[in-house]
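**Student:** sequence below, structure please.
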Amino acid sequence: MLASKRILLIIGGGIAAYKTLELIRRLKDAGAAVTPVLTRAGEEFVTPLSVAGVAGHKVYRDLFDLGDEAEMGHIQLSRSADLVVVAPATADLMAKMATGLANDLASTLLLATDTPVLIAPAMNVRMWEHPATRRNLDRLRGDGVRVIGPNEGSMACGEFGPGRMAEPAEILAAIDAGLSDGPLAGRRVLVTSGPTHEPIDPVRYIANRSSGAQGTAIARALAALGAEVIFVTGPASVPPPEGVEIVPVQTAQEMADAVQAALPVDAAVFAAAVADWRMAQASERKLKKTRDGMPVLRFAENPDILAGVAQMEQGRPALVIGFAAETDDVVAHATAKRVRKGCDWIVANDVSPATGIMGGSENAVVLISADGAETWPRMGKDAVARQLAERIADALSG
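**Tutor:** This is a model prediction of the structure:
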């Protein structure tokens, strides 16, 4: 998708700006032409000479450059690209975009463009979690801006959490998806995946054998069809897909909160194996063996994430898909679950030990809808994901 495509790359001011040199190199290797715009803050982290050298193109920096502006250069720049990419997208740049400010070249280009925009946020974890940034993010998504990242990890400031800019390979995959003419282009899809871990004490937790492989494959397949994918994942044993927005969580409550934060979406695929129960009160200290016998574990019910979204009165996704991992009477249990939860489809499978499906590389599913049950042949999880993604595309276009 990138051959002969024109990318306008706006480099914001942050330590992650150094990653844009690798991003430019990858874009060039893929056949894309990159026009770089470097903010004044960005110049504190990468030099115009280094950016120009890698891009093989002049670096634009000043809104009031007489030579460039003699023919309304900033308007031409904003309209001549196939995609505008902002990396790193700082809190300041996101705020300008959300409120329509245009006081430098980068913000003016973003306000004047009629080209799709992809941003790769990068900032301190507290800045990312601040209510103002969350409001700006919601506004930008509502305006159709695509988002990749940020990732979770350690930061230059010494703190840990979400705020690290997505890696160049992830941004490249998101750019490729953003330029796709696939059937899900312009659609926003939520996918949950993996298990959840419910703490018993600081060293033990309740979990299941889900690897997250099927949810990861579904997210990858949806992105390949052009969708903007928000991937909310528990602690899976497989690496997350590239080119999607990754939201890591641990517990069912964290997953429920992340799902609500991701709305609105066009479709939601709930592939995660969410724990039904958690400890009513997790111990703050490791539970020890005592002569009094085994400890009594008291449980509380976790939030029903699927039902909560499927039964929304306002803002419900057009298509809500649940999963049912059963060990007996698969079709009967899954059919009853679809009605009980209020979702449109249920993807059901037999995860009894003899099948080897839970944690394995293959799956054998039955698609349950209002029209009945459709049995799919056993196939690799990537093949299942592609078939499901195509069904989703058909349903949303109908």
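**Student:** hang on, isn't residue 149 packed against residue 169?
**Tutor:** No. Counting by Cβ atoms under 8 Å, residue 169 is not a contact partner of residue 149; they are 11.8 Å apart. (Glycine included, C-beta is placed from N, CA and C.)
**Student:** neighbour-wise, which of these two wins?
**Tutor:** Using other Cβ atoms under 10 Å as the criterion, residue 149 and residue 169 rank with residue 149 on top: 26 against 13.
**Student:** can you tell me how far that one is from residue 111?
**Tutor:** 23 Å (Cβ to Cβ, to the nearest Å).
**Student:** how about residue 303?
**Tutor:** Residue 303 is 40 Å from residue 111, by Cβ to Cβ.
**Student:** got it, and residue 184?
**Tutor:** For residue 184 relative to residue 111 (Cβ to Cβ), the value is 28 Å.
**Student:** burial count for residue 143?
**Tutor:** Counted with other Cβ under 10 Å, residue 143 comes out at 11.
**Student:** per-residue confidence at residue 30?
**Tutor:** At residue 30, the model reports a pLDDT of 91.
**Student:** and for residue 144?
**Tutor:** In this model, residue 144 carries a pLDDT of 83.
**Student:** thought it was touching residue 115?
**Tutor:** No. Judged on Cβ under 8 Å, residue 144 makes no contact with residue 115 at a distance of 11.0 Å.
**Student:** out of those two, which sits in the more crowded spot?
**Tutor:** residue 115 (16 against 11).
**Student:** that one reaches residue 82, doesn't it?
**Tutor:** Yes. Taking contacts as Cβ under 8 Å, residue 115 lies within contact range of residue 82: 6.9 Å.
**Student:** before we move on, the earlier item: who's more crowded, residue 184 and residue 111?
**Tutor:** residue 184 (26 against 14).
**Student:** mind checking the backbone torsions on that one?
**Tutor:** phi -110, psi 10 (degrees, to the nearest 10).
**Student:** downstream of the helix-or-strand element of the chain with minimal mean pLDDT, the next helix or strand is which one?
**Tutor:** Within the chain, no helix or strand scores below helix 66-69, which has a mean of 53 by mean pLDDT, DSSP states H and E. Later in the chain than helix 66-69, the nearest helix or strand by DSSP states H and E is helix 73-80.
**Student:** so what's the residue count around residue 159?
**Tutor:** 11.
**Student:** from residue 274, how far out is the closest residue to it other than its chain neighbours?
**Tutor:** Distance criterion Cβ to Cβ, 6 or more residues apart in numbering; nearest residue to residue 159, sequence neighbours excluded, is residue 125 at 5.3 Å. Distance, residue 125 to residue 274, by Cβ to Cβ: 25 Å.
**Student:** comparing these two, which residue is more hemmed in?
**Tutor:** Each of residue 125 and residue 274 has its neighbours counted (other Cβ under 10 Å); residue 274 has more, 23 against 18.
**Student:** residue contacts, that one?
**Tutor:** 192, 195-196, 234, 252, 255, 302, 305 (Cβ atoms under 8 Å, 6 or more residues apart in numbering).
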